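> dropping a prediction and its sequence here:
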2 protein chains.
Amino acid sequence: MADERQQRMTIQRKLILEVLQSTTSHPTADWIYEEVRKKLPRVSLGTVYRNLNVLKENGEVLELNYGSGQSRYDGNPKNHYHFTCQICGAVYDVPFDVQNELNERAKEASGFVIYKHRLEFYGMCNECQNSH
Amino acid sequence: MADERQQRMTIQRKLILEVLQSTTSHPTADWIYEEVRKKLPRVSLGTVYRNLNVLKENGEVLELNYGSGQSRYDGNPKNHYHFTCQICGAVYDVPFDVQNELNERAKEASGFVIYKHRLEFYGMCNECQNSH
DNA sequence: CTACGTGCAAATAGTTTGCCGGAAC
DNA sequence: GTTCCGGCAAACTATTTGCACGTAG
């Protein structure tokens, strides 16, 4: 809050944000790295991670984190819900309104101050359904 | 499903399950390791992880996975909701009924087959509130 | 010109695995 | 006795970090 450190919009940071905002696929850091590398071949994976963390702290991207393996990132910082296919691992948005009354109920049930919630659905996507 | 591999109830597995079921603190693998070590000093961390994975596959425990760092484990396999304090990192249960109609709405909104959902709340716990 | 950011490589953290001896059944 | 499991240490994967140079503002 009191940290008024000046941030620079470098080419790397700009490209990383663009990649994230131009896909709906909730990619991993590694995938983002490969994409950015197409335009900026000498970029490093460390830079990708560093910038994802900066952008996350700025509230410009979300980190999604499922059971195992890598984190995934989402260029849409507005709270919304996700679906993960338990067969192929793909992650999709679930387009229905955020249920803010859930926060109320959680507050009543727990007594804690609730800032936000995260809701993730699991199941089988259409493609995986068809190949069964 | 077709895997009818015979499992043994070893002392290690038994203690790990007991530790998990006798706490409401959703501990990390490391904490479980330290607890089990009090009764079985030569147990190894690898064994703890191996057994947590076995128990998870059996559906006897849940793996909870938040933003960063380690996984946490829950000895209560019934679906229920959690609250994470964003200040101190503690995880608590949120005692209100599972909202199965959310699965319906997600199905309508996405067209996918939904098996389950996971709902996590974030905020500030009472202790952290008092120390501010 | 002054921080802040980058590339690179090495370090870390969490978790998994290979091996071989040991124990459950 | 057979098969699964445990201890140990090494391996692996994802992510972070130290350093010296580069560049945005």
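Arrived safely, thanks for sending.

> I'd assumed residue A:97 was in a helix, is it?
No: counting by DSSP: H, G, I helix; E, B strand; the rest coil, one finds residue A:97 to be coil, located in no helix.

> next, count neighbours for it.
Close neighbours of residue A:97, defined as other CB atoms under 10 Å in any protein chain shown, add up to 9. For the C-beta atoms, the positions are set from N, CA and C on the backbone; glycine is no exception.

> tell me the phi and psi of it?
phi -60, psi 150 (degrees, to the nearest 10).

> so which elements touch the helix ranked longest in chain A?
The residue-count maximum for a helix in chain A (DSSP state H) belongs to helix A:45-57. Applying 3 or more CB pairs under 8 Å, 6 or more residues apart in numbering or on different chains; DSSP states H and E, one finds that helix A:45-57 makes contact with helix A:11-21, helix A:29-39, strand A:62-64.

> buried residues in the first one, which are they?
Neighbour counts over helix A:11-21 (16 or more other CB atoms under 10 Å in any protein chain shown) mark A:12-13, A:15-17, A:19-20 as buried.

> do the last one as well
Neighbour-count burial for strand A:62-64, counted by 16+ other CB under 10 Å, picks out A:62, A:64.

> quick check: mean pLDDT of it?
Averaged over strand A:62-64, pLDDT sits at 89.

> helices and strands around whatever helix or strand comes next after that strand, which ones?
For strand A:62-64, the succeeding helix or strand toward the C-terminus, using DSSP states H and E, is strand A:72-74. Counting contacts by 3+ CB pairs under 8 Å, 6+ apart, strand A:72-74 is packed against strand A:62-64.

> got the contact list for residue A:36?
Each residue near residue A:36 by CB atoms under 8 Å, 6 or more residues apart in numbering or on different chains is listed here: A:12, A:15-16, A:19, A:43, A:48.

> right, so of the helices and strands packed on helix A:45-57, which gets closest to DNA strand D?
Nearest to DNA strand D among those is helix A:29-39 (4.3 Å), distances taken as CB to the nearest atom of the strand.

> near DNA strand D too, which of the contacts of residue A:36?
Here nothing survives when the contacts of residue A:36 are matched to DNA strand D using CB under 7 Å from any atom of the strand.

> tell me, how many residues neighbour the residue nearest to residue A:16 when sequence neighbours are not counted?
Nearest non-adjacent residue to residue A:16, counting by CB to CB, 6 or more residues apart in numbering or on different chains: residue A:51, 4.9 Å away. Number of residues near residue A:51 (other CB under 10 Å) recorded here: 22.

> and for the one 5 residues further on?
Using other CB under 10 Å, the number of residues around residue A:56 comes to 16.

> next one: the one 4 residues further on
A count of neighbours around residue A:60, defined by other CB under 10 Å, yields 16.

> got the residues of chain A near chain B?
For chain A, the contact set with chain B under CB under 8 Å from any CB of the partner chain comprises A:63, A:65-68, A:81, A:83, A:85-86, A:92, A:94-96, A:99, A:102-103, A:105-106, A:108-126, A:129.

> which of the residues you listed fall in strands?
Using DSSP state E, the subset of these located in strands is A:63, A:81, A:83, A:85, A:92, A:94, A:113-124.

> kindly report the domain assignment for chain A.
Chain A resolves into domains spanning A:2-74, A:81-131 when parsed by automatic domain parsing.
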